[in-house]
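Student: please work out how this folds:
(chains A and B)
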Amino acid sequence: MTCTEFLAMLDDMIDNTVSREMRADLQEHLNGCEHCEVTLNTTRKTIEIYRSHEIYEMPTNLRDRLHKAIMERCKKGC
Amino acid sequence: MATIQSIANENEPHPDLALIERVKTGDISAYDELVRKYDRQIFRIAQHITQNREDAEDVMQDAFLKAYEKLDQFQGNSKFYTWLVRIAVNESLMRLRKRRTGKMVSIDEDIETEEGTVPRDLADWAPDPEQNYTQAELADILRKTIQGLPPGFRVVFVLRDVDGLSTEETAESLGLSVPAVKSRLLRARLQLRERLARYFKRKKVPREKGVKSDVH
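Tutor: The predicted structure follows:
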């Protein structure tokens, strides 16, 4: 397997949607290719960081204000 | 963070359907529950597309009001959340167009870019690299980094990787084909990785005193 072929399967590897046979092939490539191993690990880390850090926090007072406005309009039938 | 997928069960009706039925019979408190359940996600998506706080506030209000008005049209073939996201994405794009009059703004245009398709930065990252920054610094880095991506990439990444929607649900929410979602997701993930590398990669330690390091 070449690095390009590995890269084409990167998302499936991350999302765990590869067959057992394919996974074995990908793992074999990883064992001998540091670059692809780094790419896989750091891409996983990228996703993990974005998933675990809210970058657009909605403050409680804003949330309450918007919520109140929505419900008032809904009560009036919009 | 809980994902949307984790609360869904393929074999049972989605809990939102019961709430929607109650809303349809005039029980407005059930809509209150739906708003509270999804307001943070809708606000986040609107922020990612519009990149403007006021616009995101307006989008959130308008999307929930529009969904309420159109609730009779919701057939239950898809998840309520997927349907709601589609409304919010359209509202967000409308706001963006207003701000950038004369400029085409679309989520479905395919962005021809070679960037991110081949990883260039192959240096490994420090272990737990986020710990080298304060929460505020990290949020700033993550915001700046994702803002550099085209809107069509940003929103696919957020729906798939942050919200936890499936590829099919993301495609449905955005009116894109499944292959288009897949191609954008790969490029978004790789571009973000590449851009984050400059903050997170392992610093080289000079082996002996007096040896110049290329690390600043």
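Student: tell me the pLDDT of whichever residue of chain B sits closest to chain A.
Tutor: Going by Cβ to the nearest Cβ, chain A is nearest to residue B:47 of chain B, at 4.1 Å. Just so you know, the C-beta spots here come from the backbone N, C-alpha and C atoms, and that holds for glycine as well. As summarised for this prediction, residue B:47 has a pLDDT of 94.
Student: quick one: it and residue B:54 touch, right?
Tutor: No - using Cβ atoms under 8 Å, residue B:47 makes no contact with residue B:54, being 10.6 Å away.
Student: spatially nearest residue to the residue most central in space within chain B, not counting backbone neighbours?
Tutor: For chain B, residue B:158 is the residue whose C-alpha lies nearest the centre (Cα atoms, centre = their mean; 2.0 Å). Sequence neighbours aside, residue B:48 is the residue nearest to residue B:158 in space, at 5.1 Å (criterion: Cβ to Cβ, 6 or more residues apart in numbering or on different chains).
Student: so where's the chain uncertain?
Tutor: I'll assume chain A. A:77-78 (pLDDT under 70).
Student: my bad, the chain I had in mind was chain B
Tutor: B:1-11, B:101-117, B:204-216.
Student: if we can go back for a sec, pretty sure the residue nearest to the centre of chain B is in a helix, no?
Tutor: Yes - counting by DSSP: H, G, I helix; E, B strand; the rest coil, residue B:158 is part of a helix.
Student: residues in contact with it?
Tutor: Each residue near residue B:158 by Cβ atoms under 8 Å, 6 or more residues apart in numbering or on different chains is listed here: B:44, B:45, B:48.
Student: tell me where chain B has helices.
Tutor: Secondary structure of chain B, counting by DSSP state H: helices at B:4-7, B:15-24, B:28-50, B:53-69, B:80-99, B:135-147, B:151-157, B:167-174, B:178-200.
Student: ok, chain A next?
Tutor: Counting by DSSP H, the helices of chain A are A:3-8, A:10-14, A:20-32, A:34-52, A:60-75.
Student: quick one: closest of those helices to residue B:186.
Tutor: Closest to residue B:186 of the helices of chain A is helix A:10-14 (Cβ to Cβ; 5.0 Å).
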